[in-house]
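# sequence below, structure please.
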Amino acid sequence: MADWFARPILHVKDVDASLCFYESQLGFTSPWRYDEEGRARVAQVDRQGCALILANNLAQEKIGKAVMFISLNADPATPENAVAALDALRAELEAKGVPVKESSWGYRLLVVNDLDGNQLFFNYPSETALT
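Numbering: from 1, shown residues only. Here you go, the predicted structure:
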């Protein structure tokens, strides 16, 4: 059986500006981009197994409406590692000036809005690590 790999699409107003935010503020890298008329129209950003597509392709009504869960796969047998991973990510992002909100969806998560209002929910998948 083949493994699946998903790359969700986040619709953004300006792919170049979003690339800058995802790379400099959130620590992603960009392995590829597609340009038209000297501007990026579609690009991929990656970080630690998470891949997202940033696109500006005339879907104006979809800009800023995505909600993305990004799980930090810390060892579920040691909940303190999961909490430490989430705390370390928060410290990293805040040190770069990224506003981070605490939230909960039955477990603790961090919420980051990108430049267009797309929301990234950083969580860990262990029920034993509830706070």
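# quick one, strands of the protein?
9-11, 29-36, 39-47, 50-55, 67-71, 101-104, 108-113, 119-123 (DSSP state E).
# now those strands as TSV including mean pLDDT and distance to E94?
The C-beta positions use only the backbone N, C-alpha and C, and glycine is treated the same way. Formatted as TSV, the strands of the chain follow (pLDDT from 0 to 100; distance: least, CB to CB, whole Å):
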stretch	mean pLDDT	distance to E94
strand 9-11	96	22
strand 29-36	97	21
strand 39-47	96	17
strand 50-55	96	19
strand 67-71	91	17
strand 101-104	93	11
strand 108-113	94	10
strand 119-123	94	13
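# so can I have CSV of those showing distance to L19 and mean neighbour count?
Formatted as CSV, the strands of the chain follow (distance: least, CB to CB, whole Å; neighbours: other CB atoms under 10 Å):
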stretch, distance to L19, mean neighbour count
strand 9-11, 12, 20
strand 29-36, 6, 12
strand 39-47, 5, 18
strand 50-55, 7, 20
strand 67-71, 16, 14
strand 101-104, 23, 12
strand 108-113, 16, 18
strand 119-123, 15, 19
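# so L109 touches L120, yeah?
No. Counting by CB atoms under 8 Å, L109 does not reach L120; the two are 9.7 Å apart.
# quick one: closest of the strands of the chain to A95.
Nearest to A95 among these is strand 108-113 (13.5 Å), distances taken as CB to CB.
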